[in-house]
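1. quick one: sequence and predicted model below, then my questions.
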Amino acid sequence: MSTIGFLGAGRMATALAKGFVSAGRCVPGGLYASDVSKGARDQFARDTGGQVSASNADIVAAAEVLVVAVKPDQVAEVLGGIRGQLEKRHLLISIAAGVNLARLEECAPGARWVRVMPNTPALVGASASAYALGTEATRADAAVVQEMFGSVGLALEVKEKLLDAVTGLSGSGPAYGFMMIEAMADGGVAAGLPRDVAQRLAAQTLLGAAKMVLETGQHPGALKDAVCSPGGTTIEAVHELEKAGLRAALIGAVRVAAEKARRLA
């Protein structure tokens, strides 16, 4: 097992670290994180059992795999501070949205970089991640990243030019799902269900639909058609969703989030 250090101990770093521990990818004693915020450091330590420091240099010295998990506008400053400490043993993984590999390699020349876009369901072993290799990264590095992020969900290698689209789809996507669950639960309450029952049914329904798409390999449109009996309740509901522009709204959401990621670059 590799030692894993997070430069930045925010929510995404904590979710990934907890996921890696739960999946057996690392032990708490092999986790390290730095952050300027004492609150973030303390939360990371409580949630993961990892060791924390206010110094990025401490993390670089302790870990073999370094995950850059700071805000995009902080990446250059963080890398400038550790560049002199980087060694051949280090594999650098960036999860900073919108910061491309060319920029990362400019900030830390000669380093082995992999850029990853994960999402927060890593916390429960259900992340959807995509990654792209930098010019110095090897297939062995790709295997490490695949194992790490595959241990907390789905991990797919893509060309870097597609990562902004990944950000708009799966990176931001949990928020879309949470909104749908909330709205469906509200509908259940409006129809007479207790709130706790409605919320659990809504969440399980979306989980089940997603599992059917992934496990059957069928097109979601075909699966939708199979639920819509002629003259039944579901086709009436689908008609309401079409009138409200659900699909157009979701397509638009993914596109604007992807464009925002491009502007961040």
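-> Received, thanks.
2. tell me the contacts of the residue lying closest to residue 144 once chain neighbours are set aside?
-> Nearest non-adjacent residue to residue 144, counting by C-beta to C-beta, 6 or more residues apart in numbering: residue 91, 6.3 Å away. For every residue, glycine as well, the C-beta is placed using N, CA and C. Listed by C-beta atoms under 8 Å, 6 or more residues apart in numbering, the contact set of residue 91 reads 64, 65, 66, 112, 114, 137, 141, 144.
3. helix/strand/coil for the residue of the chain most remote from its centre?
-> What lies farthest from the middle of the chain is residue 231; by C-alpha atoms, centre = their mean that is 40.1 Å. Under the three-state scheme (DSSP: H, G, I helix; E, B strand; the rest coil), residue 231 adopts coil.
4. give me the pLDDT for it.
-> Confidence at residue 231, expressed as pLDDT, is 96.
5. with residue 123 instead?
-> Looking at residue 123, its pLDDT is 83.
6. which residues are in contact with it?
-> When contacts are counted by C-beta under 8 Å, 6+ apart, residue 123 is found next to 15, 18, 19.
7. what do you get for residue 66?
-> For residue 66, the contacting residues are 5, 6, 7, 59, 60, 90, 91, 92, 93, by C-beta under 8 Å, 6+ apart.
8. between those, which is nearest residue 186?
-> residue 6 (36.5 Å; C-beta to C-beta).
9. where's that closest one relative to residue 32, distance?
-> Going from residue 6 to residue 32 by C-beta to C-beta, to the nearest Å gives 7 Å.
10. between the two, which contacts overlap?
-> Counting by C-beta under 8 Å, 6+ apart, the contacts common to residue 6 and residue 32 are residue 59.
11. of these two, give the one with the bigger neighbour count.
-> Between residue 6 and residue 32, residue 6 has the larger neighbour count (other C-beta atoms under 10 Å), namely 30 against 25.
12. what about the more buried one, which SS state?
-> Residue 6 is classified as strand under three-state DSSP.
13. I appreciate the help and will end here.
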